[in-house]
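kindly generate the corresponding structure for this input.
(one chain, ligands or ions: 1)
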Amino acid sequence: MAEDRAVIDTTSPLPPDPATILIVDDDAAHLEALSDLLTTAGYRVVKARDGHQALEQVRRCNPDMILLDILMPRLDGYEVCKRLKNDPSTVFLPVVLITGLDGLEERIKGVEVGADDFLTKPANSLELVTRVRSLLRVKRLHDELEAHRRDLEQRVAERTGQLQRALKELRELDRLKSEFVSRVSHELRTPLQHIMGYLGLLADEAIGPLTPEQGRGLDTAVNAARQLERLVRDVVDLGSARVGPLAIRPISASEAVRVAITMVGPAAAPRRISIAADVPASLPAVMADDQALARCLRHLLDNAVKFSPVGASVEVRAQLAHHGRSVRLSVRDRGIGIPGQHLDKIFQGFYQVDGTTTRRHGGAGVGLALAKLLLEAQGSSIHVESVEGQGSQFYFELSVAREPKSVSDESDRARL
Ligand code: ADP
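You can find the predicted model right below:
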C-alpha cells in the first residue's frame, strides 16, 4: 500500500470543512494504514475497533461515510450496516464494506444489508480514494437536497401558518361586518315604522287637510320610505339567510308578475323603459309563495330597468316547461350585460360587477342574493345568461300545482 501513496493527488487544496470518515476494523495495522491514506488525501478520520464502537462513533461524530470491515468480534460489519440502514437518521450514510479478495458471497450478503459499495482487502489506495470521493460527492448532493427539502418544508409551514392566520382574521372581519350590517338594519326598523306611521296619518289627512302640493310631496316621501323599508328588510333577511315563513300553495304566476311590474313602475317611467309581460292566461297555477315570488321578480325587474339604457324595453315571460310539469319565468333586458367572469359571483350577497364608488347605477348588491334565497326556499334555483353589451336573461322554474282531483286519483290508485 505504501507505493500507492505516491499516486494520490495531495496537491489540491483541502476543502474548508473536510469530510469525516469513520474507519472500522479490528486489525490495528490495516486500520492505521487506511487512516494514514485518507488523512493524507485530506479527510478527517475517526476510528473504531469493533461494531459497538462504530455505532457509538456514528452517534458522536456524525461521519459523512464509513469504511467497514466485515469480520469483527461481537458485532460484525453486516449487522452494523443493517442497523445503520434501518435507522432513518443514518439510512443515507454511505457504507463501504471491506471484503476479502475472493468476496463474492460477502458482497451478495453486503447488498442484502444495504451496503453502498465494496472495497477489497488489502485496499488499493488509488481505488480507495476514488471510491471515497465519488461516494462523498453523492452524499453531499443528497445532504444539499435534504437541506433544501427541509428549508422548503419550513417555508411552506410558515406560509401556511400566515395564510391560516389571515383567513381567521378575514372570517372574524366578515362576522363583524355581518353583525354590524344586521344590527344597523334592525336599528333602522323602529324609526322607519314611526316614519311610515306618521306618513300614513298625514296621507289619510287624519292630522289635517293637505294642499295638492303637500300631497305630491307626501307621495314622494312615502315612496322613498317604502323603498328604504324594503331595503332594510332585504338586508335583514340576507344577513340571517332566512326568508320565512313562506306559504307555498297553488298561485297564479301572472298575479305575481303584475305586482312586481307595478312596484318597478316608478323607476322605469322616468327613463321611458317599457316592461312587457308575456304570461298566457291558460298557464296552470304554480306552487309558490305569492309575496316571495313577487319580491323575487321585483328584484330581477329592478336590475333589468337599472342596467338598461333610456327608452329600452324589458320583458317578463312565463311559459310551460318540462312537458307541462313546470312553468319557466324569465326576465330579459337588452342592457349592459354581465362579463362572463362575474356570472358565478353575482348571486353572492353585496357583490357588484362594478363595485366602484363612481359606479353609475345605484343598488346595495342584495337583489340577486335575495332572489336566489327566495327561490331556493320555494324549491327552485336561479339561472342567468348574459352577453356583455347585449343584455341579460335571468330565469327560474316553478312546479305546476297538481289538480286536487288528480292528487286524490293518484292516492286512490295507490290504495288499490
Ligand atoms: P344591485 O343592488 O347592485 O343591483 P344585485 O344583487 O341585484 O345588486 O346585482 C348584483 C350585480 O349583478 C349588480 O350590481 C350588477 O353588477 C349585476 N347585475 C345584476 N343584474 C344585472 C342586469 N340585468 N344587467 C347587468 N348587470 C346586472
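
CA atoms for contacts and neighbours, from now on please.
Will do.

touching the ligand at all, stretch 321-330?
No: between stretch 321-330 and the ligand, judged by Cα under 6 Å from any ligand atom, nothing touches; the nearest distance is 11.4 Å.

export that stretch as CSV, just CAs?
The C-alpha atoms that make up stretch 321-330 are tabulated as CSV, following Å, rounded to 0.1, in the frame of the first residue of the first chain:
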residue,chain,number,x,y,z
ALA,A,321,-91.5,23.8,-19.5
HIS,A,322,-90.6,20.1,-18.9
HIS,A,323,-93.6,18.7,-20.7
GLY,A,324,-96.0,20.8,-18.7
ARG,A,325,-94.5,19.8,-15.3
SER,A,326,-93.2,23.3,-14.6
VAL,A,327,-93.5,27.0,-15.5
ARG,A,328,-90.4,28.8,-16.6
LEU,A,329,-90.3,32.5,-15.7
SER,A,330,-87.8,34.8,-17.3
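
now it: buried residues?
Residues of stretch 321-330 classed as buried by neighbour count (16 or more other Cα atoms under 10 Å): 325-330.

residue numbers of the stretch 151-300 of the chain in contact with the ligand?
Counting by Cα under 6 Å from any ligand atom, no residue of the stretch 151-300 of the chain sits close to the ligand.

residues in contact with the residue in the stretch 151-300 of the chain that the ligand sits nearest to?
The nearest approach of the stretch 151-300 of the chain to the ligand comes at His299, 6.3 Å away (Cα to the nearest ligand atom). Residues in contact with His299 (Cα atoms under 8 Å, 6 or more residues apart in numbering) are 367-368, 371.

again with Ile336
Here Ile336 is in contact with 307-309, 388-392 (Cα under 8 Å, 6+ apart).

out of those residues, which end up buried?
Here, 16+ other Cα under 10 Å leaves 307-309, 391-392 buried among the contacts of Ile336.

same list (the residues you listed) but as JSON lines, adding pLDDT, distance to the ligand and secondary structure.
Listed next are the buried ones among the contacts of Ile336 as JSON lines, based on pLDDT from 0 to 100; distance: Cα to the nearest ligand atom, whole Å; DSSP: H, G, I helix; E, B strand; the rest coil:
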{"residue": "Phe307", "pLDDT": "94", "distance to the ligand": "5", "secondary structure": "coil"}
{"residue": "Ser308", "pLDDT": "95", "distance to the ligand": "7", "secondary structure": "coil"}
{"residue": "Pro309", "pLDDT": "95", "distance to the ligand": "11", "secondary structure": "coil"}
{"residue": "Gly391", "pLDDT": "96", "distance to the ligand": "6", "secondary structure": "strand"}
{"residue": "Ser392", "pLDDT": "97", "distance to the ligand": "5", "secondary structure": "strand"}
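
of those, closest to Arg74?
Ser392 (86.5 Å; Cα to Cα).

and the nearest residue to that closest one once chain neighbours are set aside, helix, strand or coil?
Closest residue to Ser392 apart from its sequence neighbours, by Cα to Cα, 6 or more residues apart in numbering: Ser386 at 4.1 Å. The three-state label given to Ser386 by DSSP: H, G, I helix; E, B strand; the rest coil is strand.

where exactly do the strands run in the stretch 251-400 of the chain?
With DSSP state E, counting those that start in this stretch as the criterion, the stretch 251-400 of the chain has strands at 274-278, 286-288, 313-321, 326-333, 383-387, 391-399.

now the stretch 101-250 of the chain
117-120, 249-251.

and the residue nearest to Ser392, what's its pLDDT?
Note on Ser386: pLDDT of 97.

now do Cys61
On the pLDDT scale, Cys61 gets 94.

pretty sure Gln393 sits against Leu329.
No: counting by Cα atoms under 8 Å, Leu329 is not a contact partner of Gln393; they are 10.3 Å apart.

report how many residues lie close to the residue of the stretch 1-150 of the chain found nearest the ligand.
Of all residues in the stretch 1-150 of the chain, Arg149 sits closest to the ligand, with a separation of 46.0 Å (Cα to the nearest ligand atom). Applying other Cα atoms under 10 Å, we find 12 residues neighbouring Arg149.

that one and Val156: what is the separation?
From Arg149 across to Val156, the span is 10 Å (Cα to Cα, to the nearest Å).

just to revisit the earlier point, out of the contacts of His299, who's nearest Ala401?
Ala371 (21.2 Å).

excluding sequence neighbours, find me the nearest residue to that closest one.
Counting by Cα to Cα, 6+ apart, the residue nearest Ala371 is Cys296, at 4.7 Å.

list the contacts of the one you found.
Contacts of Cys296 by Cα under 8 Å, 6+ apart are 370-371, 374-375.

among these, which are in helices?
The helices, defined by DSSP state H, take in 370-371, 374-375 from these.

I'd say Leu329 and Val316 touch.
Yes: the pair Leu329 / Val316 is scored as a contact, 7.2 Å apart, by Cα under 8 Å.

any chance of the strands of the stretch 101-250 of the chain in a markdown table, plus mean pLDDT and distance to Arg334?
Output for the strands of the stretch 101-250 of the chain, formatted as a markdown table (pLDDT from 0 to 100; distance: least, Cα to Cα, whole Å):
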| stretch | mean pLDDT | distance to Arg334 |
| --- | --- | --- |
| strand 117-120 | 88 | 79 |
| strand 249-251 | 95 | 29 |
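
mind checking which of the ones you listed is nearest Met196?
With respect to Met196, and counting by Cα to Cα, the nearest of the strands of the stretch 101-250 of the chain is strand 249-251 at 29.6 Å.

tell me which strands and helices that closest one is in contact with?
When contacts are defined as 3 or more Cα pairs under 8 Å, 6 or more residues apart in numbering; DSSP states H and E, strand 249-251 sits against strand 286-288.

contacts for the strand it packs on next, please.
By Cα under 8 Å, 6+ apart, strand 286-288 touches 247-253, 326-327, 378, 398-401.

so for it, mean pLDDT?
96.

just how off-centre is it within its chain?
Offset of strand 286-288 from its chain centre (Cα atoms, centre = their mean, to the nearest Å): 37 Å.
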